[in-house]
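S.K.: Dropping the sequence and predicted coords here.
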There are 2 protein chains.
Amino acid sequence: MSTSEFERPIYPQLNAPPRLLLGPGPSLVDPRVLQVMGAPLVGHLDPFFLDLMDRTQSLLRYVYQTKNKLTIPVSGTGSAAMEAAVANMVEPGTPVLVCINGYFGGRIAEMAARYGGEVQTINRPWGEIFPPEEVKAALHQRPAEVVAIVHAETSTGALQPLDEIASIVHELGGILIVDAVTSLGGVPLQVDELDIDVCYSGSQKCLSCPPGISPITLGQRAVQRLENRQSKVANWYLDLSMVQAYWGSERTYHHTAPISMVYGLYEALRIVVEEGLENRWERHRLNAGMLWDGLEEHGLELHVPLEYRLPSLTTVRVPDGVDELVVRQGLLRDYNIEISGGLGELKGKVWRIGLMGFSSRRENVRLLLSALADLLK
Amino acid sequence: MSTSEFERPIYPQLNAPPRLLLGPGPSLVDPRVLQVMGAPLVGHLDPFFLDLMDRTQSLLRYVYQTKNKLTIPVSGTGSAAMEAAVANMVEPGTPVLVCINGYFGGRIAEMAARYGGEVQTINRPWGEIFPPEEVKAALHQRPAEVVAIVHAETSTGALQPLDEIASIVHELGGILIVDAVTSLGGVPLQVDELDIDVCYSGSQKCLSCPPGISPITLGQRAVQRLENRQSKVANWYLDLSMVQAYWGSERTYHHTAPISMVYGLYEALRIVVEEGLENRWERHRLNAGMLWDGLEEHGLELHVPLEYRLPSLTTVRVPDGVDELVVRQGLLRDYNIEISGGLGELKGKVWRIGLMGFSSRRENVRLLLSALADLLK
């Protein structure tokens, strides 16, 4: 058989439309980040790259507000970081408690079961949060070595307060995994202060780097748990005991790092540091406030009460009689604006509007409100 | 605790050195690919992106020379594609045969064991290849449901002929996984013609796209095996039964695709198609031939006999009395050229020189030979 049996597929040059990304991620990427994505490659063991890795780790520690040595980007999108957290902490038979109040809590439980965890869940309607007492009661009923909770539920727009959770988990000897995919870099989160053991995120939300690389940090308790495992981590690519040997001082080859993605993340983190974390949190809060006020002025109802509403991701109830898909298609077609529909329980019931990282700008809020008003009139 | 406890790390703008990448990967990336890596992002469910996914799949099918429907890029580097192959084909108790004649065969065996496979290996010294009879004999001694072999061993520079392997494996009811990380797009490989069941690769070798996205293709037997699994795939992120629902007509959200990496891969594949596969194979062969002649003229010995020497990756024996690291450091320092040392059994004994994709150019061969001669004199 020669290659002539296969027709050569001829396609035109890439010509990406200029979307305004106001969905649940990816968010818009700062042009400075886009520029470094196109920088020439170097090898993954090049002294220049090793130095860049150190710098990226130190930037990540600032953004996470942690001194954790094991703070690295995972070579995959946010779900890979979630799986890294689960795969490294859960062994066959590990009792796990997962708090589910949205799509991503459910995903953690699904992963934990695949790694052989004895998974127990507590559940709340989508859009609500867990009072600490509920976690405590569940743990008293059945202790868990690993507890997982989502800080910012991208599927619901609820922001879970974390203040007392870690101490409840630690008192009973467990370790706490926190999903910060839609909060890191946009919503107050201080890993050391909150005493979180494992915290992972994504690049394409409030950090405004393209998807494909995902921060994770492990504190001392989690590192110890990793070192004391009875079995090998069932996932080779995400085995942090090996990955850390590459990111640590040994520089042992594990897998080829996604060079361009590290470039992008480095620049995205530099931008966070330049702006300053507190300023960034404040910007996300202010622009979200402007969005919320505007939506309510248009008579729209927000799904999550103000008290625990997430600034980076807003869920808006679809008014009766409105076809939510038609509105989204109109936004995309007429205005190049992407927002998203609901997932799971909230499918068809809400829109999800993200104001994350570079997307969180006054002009974007103004345009979206105006375009929405046009399409809903 | 306020953020002021954490010093803001201030680092300069990224300033990547202009390396000539002649190691085992990443290879140099065509400026056209670098350019699209910086294109503005779109959402992973944007109609533009869904269309781009279809095109990318169709380009991949041409490059693989296959009609396999399930032909997709995995959202990770080459090792993630390797793990996708293993995790989806191996279940607890699956008898697996892995042919090991280098580092990457060993890695497959390690992964297969983590997924609960009953792993048997056959072994050859690093740099040699397996005669088909040896695979046959091993299978007759102990049948295996899954057989894995490396087409182009990046650690040794040996090119494994595949002609009879698939039919041997199929006769005994097994499925064949082929590692084509360092061959796809640079060395003749026709998946349908060779009747390979699972074939994975990386982006950063002969395809000359940055690392972070990795092609895989599954034929009918493999798809059937996936559908008939007793247990869920133990790896959530790489579970192809779910990933394919996103890449297939259902478009079910699984994980956020690495948008910019798909852009890069699309352009890299367009370049392969423009050049034509056969022309590309020929270019790799010619430039490798020029390298081999030049090295031998300089009195250097090649590790792999001409008969099964890999054009994309050449292993050169380090002459007695030469410190291999000093030479590599000199190449990098004085000429901005990256080549690599040996891995495992060949550590300290060989250099590894890659001529892959955009790196496979006459001028690069000339410069490397001349710089090497300077440093070895």
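M.R.: Yep, it's here. Just so we're clear, the structure is a prediction, and the values are computed from it rather than from any experiment.
S.K.: And the helices in the stretch 101-250 of chain A, which stretches?
M.R.: A:103-114, A:132-141, A:165-171, A:191-194, A:220-227, A:240-247 (DSSP state H, counting those that start in this stretch).
S.K.: Could you single out the most deeply buried of the ones you listed?
M.R.: helix A:103-114 (a mean of 22; mean count of other C-beta atoms under 10 Å in any protein chain shown). (Each C-beta comes from the backbone N, C-alpha and C, glycine too.)
S.K.: name the element A:Leu44 belongs to?
M.R.: Just to correct that, residue A:44 is His rather than Leu. Here A:His44 sits in a region with no helix or strand, counting by DSSP states H and E.
S.K.: quick one: the lengthiest helix in chain A near chain B?
M.R.: Identified as the longest helix of chain A according to DSSP state H is helix A:277-297. Yes. Interface with chain B: helix A:277-297 contributes A:277-278 (C-beta under 8 Å from any C-beta of the partner chain).
S.K.: Tell me the first helix or strand C-terminal of that helix.
M.R.: Next along from helix A:277-297, by DSSP H and E: strand A:313-317.
S.K.: which residues sit against that following strand?
M.R.: Under the criterion C-beta atoms under 8 Å, 6 or more residues apart in numbering or on different chains, residues A:24, A:127, A:152, A:154, A:156-157, A:182, A:288, A:291-292, A:295, A:300-304, A:342, A:346, A:349-356 lie in contact with strand A:313-317.
S.K.: cool, stretch A:291-301 as well?
M.R.: A:302, A:306, A:309, A:314, A:316-317, A:319, A:353, A:355, A:365, A:368-369, A:372-373, A:376.
S.K.: Now for chain A, the helix or strand with the poorest mean pLDDT.
M.R.: When each helix and strand of chain A is scored by mean pLDDT, DSSP states H and E, helix A:240-247 comes last, with a mean of 94.
S.K.: roughly how far is it from the heart of the chain?
M.R.: Helix A:240-247 has its C-alpha centroid displaced from the chain centroid by 22 Å (C-alpha atoms, centre = their mean, to the nearest Å).
S.K.: Report the angle between that helix and helix A:220-227.
M.R.: Counting by axes from the mean of the first three to the mean of the last three C-alpha atoms, to 10 degrees, helix A:240-247 lies at 110 degrees to helix A:220-227.
S.K.: Which pLDDT value goes with A:Val146?
M.R.: The model reports A:Val146 with a pLDDT of 98.
S.K.: Which positions in stretch A:270-288 come out as buried?
M.R.: For stretch A:270-288, burial by neighbour count (16 or more other C-beta atoms under 10 Å in any protein chain shown) applies to A:270-273, A:277, A:280-281, A:283-285, A:287-288.
S.K.: I'd like the average pLDDT over it.
M.R.: The model assigns stretch A:270-288 a mean pLDDT of 98.
S.K.: Stretch A:71-83 now?
M.R.: On average, stretch A:71-83 scores 97.
S.K.: Nearest spatial neighbour of A:Gln220, chain-adjacent residues omitted?
M.R.: Leaving out its chain neighbours, the residue that sits closest to A:Gln220 by C-beta to C-beta, 6 or more residues apart in numbering or on different chains is A:Asn68, at 7.9 Å.
S.K.: surely the one you found meets A:Asp195?
M.R.: No. With contacts counted by C-beta atoms under 8 Å, A:Asn68 stays clear of A:Asp195, the gap being 11.4 Å.
S.K.: Those two: which is more packed in?
M.R.: A:Asn68 (23 against 16; other C-beta atoms under 10 Å in any protein chain shown).
S.K.: Tell me which residue in the stretch 251-377 of chain A sits closest to chain B.
M.R.: Relative to chain B, the nearest point of the stretch 251-377 of chain A is A:Pro258 (3.2 Å; C-beta to the nearest C-beta).
S.K.: residues near that residue, how many?
M.R.: Neighbour count for A:Pro258, taken as other C-beta under 10 Å: 30.
S.K.: and the closest residue to it other than its chain neighbours, what does it touch?
M.R.: Distances taken as C-beta to C-beta, 6+ apart place B:Gly212 nearest to A:Pro258, at 3.2 Å, with adjacent residues excluded. Contact analysis of B:Gly212 by C-beta under 8 Å, 6+ apart lists A:75, A:212-213, A:258-261, B:75-77, B:203, B:258, B:261.
S.K.: Phi first, then psi, for B:Gly212.
M.R.: Main-chain dihedrals, B:Gly212, degrees, to the nearest 10: phi 140, psi 0.
S.K.: Alpha carbons of stretch A:181-197, as PDB, please.
M.R.: This file holds the C-alpha atoms of stretch A:181-197, laid out as PDB (Å, rounded to 0.1, in the frame of the first residue of the first chain):
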ATOM      1  CA  VAL A 181      -9.500  25.600  39.600                       C
ATOM      2  CA  THR A 182     -11.700  28.600  39.300                       C
ATOM      3  CA  SER A 183     -10.300  30.600  42.300                       C
ATOM      4  CA  LEU A 184      -6.500  30.600  42.200                       C
ATOM      5  CA  GLY A 185      -5.400  34.100  41.100                       C
ATOM      6  CA  GLY A 186      -8.900  35.600  41.200                       C
ATOM      7  CA  VAL A 187     -10.400  35.000  44.600                       C
ATOM      8  CA  PRO A 188      -8.700  35.200  48.000                       C
ATOM      9  CA  LEU A 189      -7.000  31.900  48.700                       C
ATOM     10  CA  GLN A 190      -4.000  31.500  51.000                       C
ATOM     11  CA  VAL A 191      -2.900  27.900  51.200                       C
ATOM     12  CA  ASP A 192      -0.600  28.100  54.200                       C
ATOM     13  CA  GLU A 193      -2.900  30.300  56.200                       C
ATOM     14  CA  LEU A 194      -5.800  27.900  55.500                       C
ATOM     15  CA  ASP A 195      -3.600  24.900  56.200                       C
ATOM     16  CA  ILE A 196      -4.700  23.100  53.000                       C
ATOM     17  CA  ASP A 197      -2.700  19.900  52.300                       C
END
